[in-house]
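Visitor: Okay, structure incoming, though there's no sequence with it:
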Ligand SMILES: [Zn+2]
Ligand SMILES: [Zn+2]
């Protein structure tokens, strides 16, 4: 299966799950099948997924999936170990597609209905994974072993927050 097929399969499973969440049943969940799916650039680190609306439509006018141009997901999330998180990312973007454009309390309440609570907590680890893949150096604490991926050397200027020991520069092999 190529990444596009994996993405479509995960998205379909997300829609199936959404049909099982009682609080979402008044929304046009089936229309989510019509949204074109795509990928962010592979070197994106800050953004994990995005819901892009059609040009010329303000956020206040978004009423549902027909106002959505595409949903793009980070390609690294297609790797087997990140697929649970990919499903949660798609769920998040699908809520935006259904007209919940901001991250307000209503949005967060609906987002929290996602049944896989492991997936909902994987965002920080995924961000760390992406930065690590891209970084040239690890600033490593010789005492506790904690590593901080960075693009520049630390040159002995930084200390571990817990141990107060000076961090060492280790080349990152990606
Ligand atoms: Zn969002
Ligand atoms: Zn330490």
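Guide: Nice, thanks for sending it over. All values derive from a computational prediction rather than experimental measurement. Ligands and ions are numbered 1, 2, ... in the order given.
Visitor: Flag every residue of the protein that's near ligand 2.
Guide: 141, 143, 144, 160, 162, 163 (Cβ under 5 Å from the ion). C-betas here are computed from N, CA, C, even on glycine.
Visitor: Next, check those residues against the helices and list the overlap.
Guide: Among the residues of the chain next to ligand 2, the subset assigned to helices under DSSP state H is empty.
Visitor: Tell me how the chain divides into domains.
Guide: 3-127, 135-171 (automatic domain parsing).
Visitor: Where do the helices of the protein begin and end?
Guide: Secondary structure of the chain, counting by DSSP H: helices at 3-19, 83-97, 105-111, 123-134.
Visitor: helices or strands next to the third one in the packing?
Guide: In other words, helix 105-111. Applying 3 or more Cβ pairs under 8 Å, 6 or more residues apart in numbering; DSSP states H and E, one finds that helix 105-111 makes contact with helix 83-97.
Visitor: same thing with the first one?
Guide: Packing partners of helix 3-19 (3+ Cβ pairs under 8 Å, 6+ apart): strand 37-39, helix 83-97.
Visitor: Could I get the pLDDT score of the residue nearest to residue 57 when sequence neighbours are not counted?
Guide: In space, and not counting its chain neighbours, residue 57 is closest to residue 67: 5.4 Å by Cβ to Cβ, 6 or more residues apart in numbering. On pLDDT, residue 67 comes in at 95.
Visitor: Against residue 168, how distant is residue 67?
Guide: Distance, residue 67 to residue 168, using Cβ to Cβ, to the nearest Å: 51 Å.
Visitor: re the thing from before, ranking the residues of the chain next to ligand 2 by neighbours, who comes first?
Guide: residue 141 (20 neighbours; other Cβ atoms under 10 Å).
Visitor: My read is that that one contacts residue 165, right?
Guide: Yes: between residue 141 and residue 165 there is a contact under Cβ atoms under 8 Å: 5.9 Å.
Visitor: check contacts around residue 158.
Guide: Contacts for residue 158 (Cβ atoms under 8 Å, 6 or more residues apart in numbering) come out as 139, 166, 167.
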